[in-house]
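Asks: what follows is a predicted protein model with its sequence.
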Protein chains: 2
Amino acid sequence: VKERADSRRKRLRLLAATRVAVAEQGLGVAAADIAERAEVGIGTLYRRFGSKDALIELVLLDSIGVVSTAAQRALDHEDPVSGLTTLLSVLAEGQVGNRGLREYTMGVGGERSESIREHTRTLRGALEKLVQRAQSSGAIRDDVTWRDVAVLAEAAATSGTYLGIAPEAEQWRRTLAVIMDGLRPPGSAPLPGRPPVDAVTPAG
Amino acid sequence: VKERADSRRKRLRLLAATRVAVAEQGLGVAAADIAERAEVGIGTLYRRFGSKDALIELVLLDSIGVVSTAAQRALDHEDPVSGLTTLLSVLAEGQVGNRGLREYTMGVGGERSESIREHTRTLRGALEKLVQRAQSSGAIRDDVTWRDVAVLAEAAATSGTYLGIAPEAEQWRRTLAVIMDGLRPPGSAPLPGRPPVDAVTPAG
């Protein structure tokens, strides 16, 4: 019994360490870094999870799962603009706060499992529905597509120094507030150019 | 005479090659890559410019010079919002189209020459003035600072795949159009949080 409890503790410690390591260092984090953070031997990592990739897959599934669940909950908002704001906030915060999630959403790091892609499809579907609803209710301008809005969520997440200016971690809230106001109808002029399309191999 | 003309041609070819190489590959581009693009020996590069860094410095000075000149010209617009839109377009386009310039503006690649920092100061000053003017005329909401607006220009430049969506190179024009509309007064609510401040070692 004691052995099983110990094994369980190590497993949880490895998962927690991977979560932090992926958020800070991204999907390419080394197995040794994870093991060190978890304060277990690297052999323990492989015995418990088979491979580093399997462990990262679990953690990424959890991260994207949180976002896709939030996206579906956003559909329950009575006010479609509140729902949309909530979803875009979740997206922007995920991009800023979790490097591994950001890499995945930006197509870095190769193919992912069907479960992860399923979450991405859910997320995309929820965003599309929310934008449609907000447009039907007249609360969001008609010349944006849901893909434009996705790009805007990513834009809000811009962080890092620029021209010597160092935004705080929460800057995305200000940028997103301006963007949400910019989505109110009518725009001062129709949006230029063509809306974005899916990549040749879309996520999901 | 012929020798001098040949020498001049090589110099120009090296400068043109470096411009393209820095725009595509960034400030870390290898001297060998530049020489290959210019179709000259690497020895020629060093003889003409002393070092790869000196050559990159010249090209970066030119890029940031174009932006700072455009920034000063934007001050001549009669309508402060047109001026501001022009400047933000120049900034966003520079971020999207020139990796080396993007790296510099984001503080990557270390200290730069006084001439380059002078251009950055000019640029920051022009942006600050334009935002002030647009706010004084009531055309831009009062709760943004010029530093928020700088971050918004950078945000507009977001490119790259996101959630399987692949924006075109010109997507920044659509994103910026939404952002400009979001800057019109009044905002639906005051911006949350605190405006960004300069990095400890500001550019310039």
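Replies: Done, it's in. Numbering: from 1, shown residues only, chains lettered A, B, ... in the order given.

Asks: low pLDDT regions in chain A?
Replies: Counting by pLDDT under 70, chain A has low-confidence residues at A:201-204.

Asks: let me see the ranges of the strands in it.
Replies: Using DSSP state E, the strands of chain A run over A:165-166, A:197-198.

Asks: turn those strands into JSON lines, including distance to chain B.
Replies: All C-beta atoms are positioned from the backbone trio N, CA, C, and that covers glycine. Converted to JSON lines, the strands of chain A look like this (distance: least, CB to the nearest CB, whole Å):
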{"stretch": "strand A:165-166", "distance to chain B": "4"}
{"stretch": "strand A:197-198", "distance to chain B": "5"}
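
Asks: let me have those strands in a markdown table, extended by mean neighbour count.
Replies: Listed next are these as a markdown table, based on neighbours: other CB atoms under 10 Å in any protein chain shown:
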| stretch | mean neighbour count |
| --- | --- |
| strand A:165-166 | 22 |
| strand A:197-198 | 14 |
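
Asks: will you turn those strands into JSON lines that also has distance to residue A:42?
Replies: As requested, the strands of chain A are exported to JSON lines (distance: least, CB to CB, whole Å):
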{"stretch": "strand A:165-166", "distance to residue A:42": "37"}
{"stretch": "strand A:197-198", "distance to residue A:42": "39"}
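
Asks: I'd like to know which of the ones you listed lies nearest to residue B:32.
Replies: Residue B:32 lies closest, by CB to CB, to one member of the strands of chain A: strand A:165-166, at 34.8 Å.

Asks: just to revisit the earlier point, nearest to residue B:20, of the strands of chain A?
Replies: strand A:197-198 (27.6 Å).

Asks: now for that closest one, which elements pack on it?
Replies: With contacts defined as 3 or more CB pairs under 8 Å, 6 or more residues apart in numbering or on different chains; DSSP states H and E, the packing partners of strand A:197-198 are strand B:165-166.

Asks: now tell me what touches the strand it packs on from outside.
Replies: Contact partners of strand B:165-166, identified using CB atoms under 8 Å, 6 or more residues apart in numbering or on different chains, comprise A:147, A:150-151, A:196-200, A:202.

Asks: of those residues - the most surrounded one?
Replies: Counting neighbours by other CB atoms under 10 Å in any protein chain shown, the top entry in the contacts of strand B:165-166 is residue A:151, with 27 neighbours.

Asks: how many other residues sit next to residue A:170?
Replies: Using other CB under 10 Å, residue A:170 is surrounded by 14 other residues.

Asks: how far away is it from residue A:90?
Replies: Computed as CB to CB, to the nearest Å, the residue A:170 to residue A:90 distance reads 14 Å.

Asks: nearest to residue B:102 among the strands of chain A would be which one?
Replies: Residue B:102 lies closest to strand A:165-166 among these, at 14.6 Å (CB to CB).

Asks: burial measure for residue A:169, as a count.
Replies: Neighbour number of residue A:169 under other CB under 10 Å is 11.

Asks: ah, wrong one, I meant residue A:178
Replies: Using other CB under 10 Å, residue A:178 is surrounded by 26 other residues.

Asks: so it versus chain B, what's the distance?
Replies: Residue A:178 sits 4 Å away from chain B, going by CB to the nearest CB, to the nearest Å.

Asks: ok, residue A:9 next?
Replies: On the measure of CB to the nearest CB, residue A:9 and chain B end up 36 Å apart.

Asks: count of neighbours near that residue?
Replies: Residues near residue A:9, counting by other CB under 10 Å, number 11.
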